[in-house]
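K.L.:
coords please:
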Amino acid sequence: MTPSHHRVHHGSDAHYLDKNYGSTFIIWDRIFGTFKAEEGRPTYGITKPVTSYNPVYLVFHEWADIVSDIKKARDGKEVYQILFGKPGDEVIKNRELREQSETETTKLKSNVASSPTPILVSNENSLLKKED
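P.N.:
This is a model prediction of the structure:
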């Protein structure tokens, strides 16, 4: 594996996801169709922020997400897509949209609950006092 191949392996850009896992011998990626040549400097890191710095969580959180997705799957086809599909597959996108919606709803509920005065949000996203 060259430094370029290794950069792609650690890239979080959509076109670099699930690429260059062949470790020492890149031949495995060429055989299984997961090889990707570097096409520009990759963005390093993960695709979404983590909520903990616990090393056990960091290692296993994606596995927990996969198990959760399998439990929510409607049929065997979705289970197969979750296990063997690409990161951009529709089932995965639906999970990410659900998570985003749940996060936004939780934030909104906590903001409203902690507000000393009931508030309304105008179209300009400014906060207004609720008139009685």
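K.L.:
quick one: low-confidence ranges for this structure?
P.N.:
87-99, 105-132 (pLDDT under 70).
K.L.:
let me see the domain layout of it.
P.N.:
What automatic domain parsing lists as the domains of the chain is 1-47, 55-113.
K.L.:
want to throw the ones you listed into a markdown table with mean neighbour count?
P.N.:
For every residue, glycine as well, the C-beta is placed using N, CA and C. Shown next, in a markdown table, are these (neighbours: other CB atoms under 10 Å):
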| stretch | mean neighbour count |
| --- | --- |
| domain 1-47 | 14 |
| domain 55-113 | 12 |
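K.L.:
tell me the secondary structure at residue 56.
P.N.:
Under the three-state scheme (DSSP: H, G, I helix; E, B strand; the rest coil), residue 56 adopts helix.
K.L.:
could you do the one 3 residues further on as well?
P.N.:
Taken by three-state DSSP, the conformation at residue 59 corresponds to helix.
K.L.:
contact partners for it?
P.N.:
Neighbouring residues of residue 59 by CB atoms under 8 Å, 6 or more residues apart in numbering: there are none.
K.L.:
and it, how far is that from residue 34?
P.N.:
For residue 59, the distance to residue 34 equals 21 Å [CB to CB, to the nearest Å].
K.L.:
repeat for residue 15
P.N.:
Residue 15 is 12 Å from residue 34, by CB to CB.
K.L.:
do residue 74 as well
P.N.:
In terms of CB to CB, residue 74 sits 28 Å off from residue 34.
K.L.:
I figured residue 23 hits residue 9, correct?
P.N.:
No. Applying CB atoms under 8 Å, one finds residue 23 not in contact with residue 9, separated by 9.1 Å.
K.L.:
run through who's touching stretch 18-38.
P.N.:
1-2, 4-9, 11, 15-16, 86-87.
K.L.:
what's the closest of the residues you listed to residue 51?
P.N.:
For the contacts of stretch 18-38, the minimum distance to residue 51 (CB to CB) is 19.5 Å, reached by residue 87.
K.L.:
nearest residue to residue 5 other than its sequence neighbours?
P.N.:
Nearest residue to residue 5 in three dimensions, chain neighbours excluded: residue 20, at 5.0 Å (CB to CB, 6 or more residues apart in numbering).
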